[in-house]
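# Predicted structure and sequence below. I'll ask about it afterward.
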Amino acid sequence: MKLLSSKKIQMTLPSSNSKTYLELVDGRCEELHFSQVNPTKFTVNDSEFSFKTGATVELEIENVDLVATSQVLWPGQQVRVRGGVHGQGQPIKASATIPLGKKMADGVQADSFLYWVIETPEGTFHNNEPIHMKGRITGLPPKDATFHSEGTIAIFDEKEDRVGTLYGCLQSN
């Protein structure tokens with residue numbers, strides 16, 4: 001059963017901080033600390049409701065625009081991450097699950113599946129499998145929330161050659 005009207009709701013997350021480990025195939029590694037360049041825009045889509053499980057709120061993240069200054073891999077140079085329409089060309093999918101009998105304000109599980117375009121001094125990299133981020137949110141936009149990833153994600157250059165991995169992704173809003 002549909003929970004909301006068929007209208008889509010536009011929202012903005014004004015600021016966030018992120019970090020990730022970027023390890024290149026030659027073994028060089030750095031923990032990069034990113035700040036948000038532009039506010040993240042996202043759309044809250046119509047939601048599904050089930051009398052057995054509760055509600056699932058679907059989101060589309062329109063843009064991710066982050067920048068870090070490298071200290072180890074490319075000292076003093078910028079690494080920029082873009083995602084969404086201005087990154088890989090498609091919105092990033094996310095969702096929040098509200099169990100039956102709970103409200104979002106109680107704190108609910110949220111998941112996002114990130115595809116990044118990573119601009120580095122050595123070239124532009126991307127991931128073919130999403131970075132699965134998990135966190136707990138108490139509202140939208142997800143202020144005062146922290147999301148984390150598990151496992152490693154391979155990254156590739158423009159020729160689809162594997163150039164390294166990402167892991168330990170963390171985002172705080």
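Thanks, I have it.

# Residue most distant from the centroid, the protein?
Phe51 (29.7 Å; Cα atoms, centre = their mean).

# Not counting the lengthiest strand in the chain itself, show me its contacts.
Longest strand in the chain, counting residues (DSSP state E): strand 162-172. With contacts defined as Cβ atoms under 8 Å, 6 or more residues apart in numbering, strand 162-172 is touched by 16-25, 31, 114, 116, 122-123, 125, 127, 131, 133, 135, 145-149, 151-157. Backbone N, C-alpha and C define where each C-beta goes, glycine included.

# So Ala105 sits against Thr138, correct?
Yes: using Cβ atoms under 8 Å, Ala105 is in contact with Thr138, at 5.3 Å.

# returning to what we had before: which ones among the contacts of strand 162-172 are found in strands?
Those of the contacts of strand 162-172 lying in strands (DSSP E): 17-24, 31, 114, 116, 123, 125, 127, 131, 133, 135, 146-149, 152-156.

# Could you give me the buried positions within the least confident helix or strand in the chain by mean pLDDT?
Ranked by mean pLDDT, DSSP states H and E, the weakest helix or strand in the chain is strand 48-50, scoring a mean of 72. With burial defined by 16 or more other Cβ atoms under 10 Å, the residues of strand 48-50 counted as buried are Glu48.

# quick one: secondary structure of the residue nearest to Arg28 when sequence neighbours are not counted?
Sequence neighbours aside, Leu73 is the residue nearest to Arg28 in space, at 5.7 Å (criterion: Cβ to Cβ, 6 or more residues apart in numbering). Classification of Leu73 using DSSP: H, G, I helix; E, B strand; the rest coil returns coil.

# Verify the stated contact: Leu73 with Glu23.
No: using Cβ under 8 Å, Leu73 makes no contact with Glu23, being 9.6 Å away.

# show me the contacts for the residue positioned nearest the centre of the chain.
The residue lying closest to the centre of the chain (Cα atoms, centre = their mean) is Leu114, at 4.5 Å. Taking Cβ under 8 Å, 6+ apart, we find Leu114 in contact with Val64, Gly83, Ile92, Asn127, Pro130, Ile131, Met133, Cys169.
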